[in-house]
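Enquirer: My questions are about this predicted structure, shown below with the sequence.
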Amino acid sequence: MVNSKIKYTESSIIDLLSEICDPEIPVVTIQEMGILRGVNISEDFCEVIITPTYSGCPAMGIIEQDIISLLQKHDVQNPKVKLVYSPAWTTDMMSDATKEKLRNFGIAAPLHSSCMNWMKPSDITVTCPRCASKNTRLISQFGSTACKSFYSCNDCKEPFDYFKCH
């Protein structure tokens, strides 16, 4: 028997949520970033499960508001957002297509798997997302957001963010 109160499926909710962009990187969605973990639907509520890229990520409040607003706009009953921290988000959750979108936006994408976090920043060569030069230098471990480092290209002279592996 089909419950007439539930008019959305998990798949249709995920399709709706795939429209929500990361507020700090508007060329990628929360789904492409791997922030969107799942959806639980009951006859009383719709719960969206998300994981921050960093604990304390300031964008999570905006993402939560965007989710609630979008679901309310589509008459989804009693939308809720649940933050989960385990398993932790890693850059491994980004697809190659997502990393290419980052590069096209001017952010150097993570270079390696998060399981290689033992590498020191001085041991890696970050490619400039603007001119593809490997002649770059670390300016600061702290970029425009906590998940990025700040680099400069010695060839094109442009500054850029590098999305840290984690």
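Expert: Arrived safely.
Enquirer: List phi and psi for the residue most central in space within the chain.
Expert: When CA atoms, centre = their mean is applied to the chain, the residue found nearest the centroid is M33 (3.2 Å). Dihedral angles of M33 (phi, psi; degrees, to the nearest 10) stand at phi -80, psi -20.
Enquirer: any idea how far the residue lying closest to it once chain neighbours are set aside lies from S140?
Expert: Closest residue to M33 apart from its sequence neighbours, by CB to CB, 6 or more residues apart in numbering: D22 at 5.4 Å. Backbone N, C-alpha and C define where each C-beta goes, glycine included. Per CB to CB, to the nearest Å, D22 is found 22 Å from S140.
Enquirer: who has more neighbours, these two?
Expert: Using other CB atoms under 10 Å, the more surrounded residue of D22 and S140 is D22, with 20 against 10.
Enquirer: Would you mind confirming that the more buried one is in contact with T29?
Expert: Yes. Using CB atoms under 8 Å, D22 is in contact with T29, at 6.9 Å.
Enquirer: returning to that earlier point: residues touching the residue nearest to M33, list them.
Expert: V28, T29, I30, M33, I35, A59, I63 (CB atoms under 8 Å, 6 or more residues apart in numbering).
Enquirer: Please tabulate those in CSV, including the columns distance to T9, pLDDT and secondary structure.
Expert: Putting these into CSV (distance: CB to CB, whole Å; pLDDT from 0 to 100; DSSP: H, G, I helix; E, B strand; the rest coil) gives the following:
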residue, distance to T9, pLDDT, secondary structure
V28, 24, 97, strand
T29, 19, 97, strand
I30, 19, 97, helix
M33, 23, 95, helix
I35, 21, 96, coil
A59, 27, 92, helix
I63, 22, 97, helix
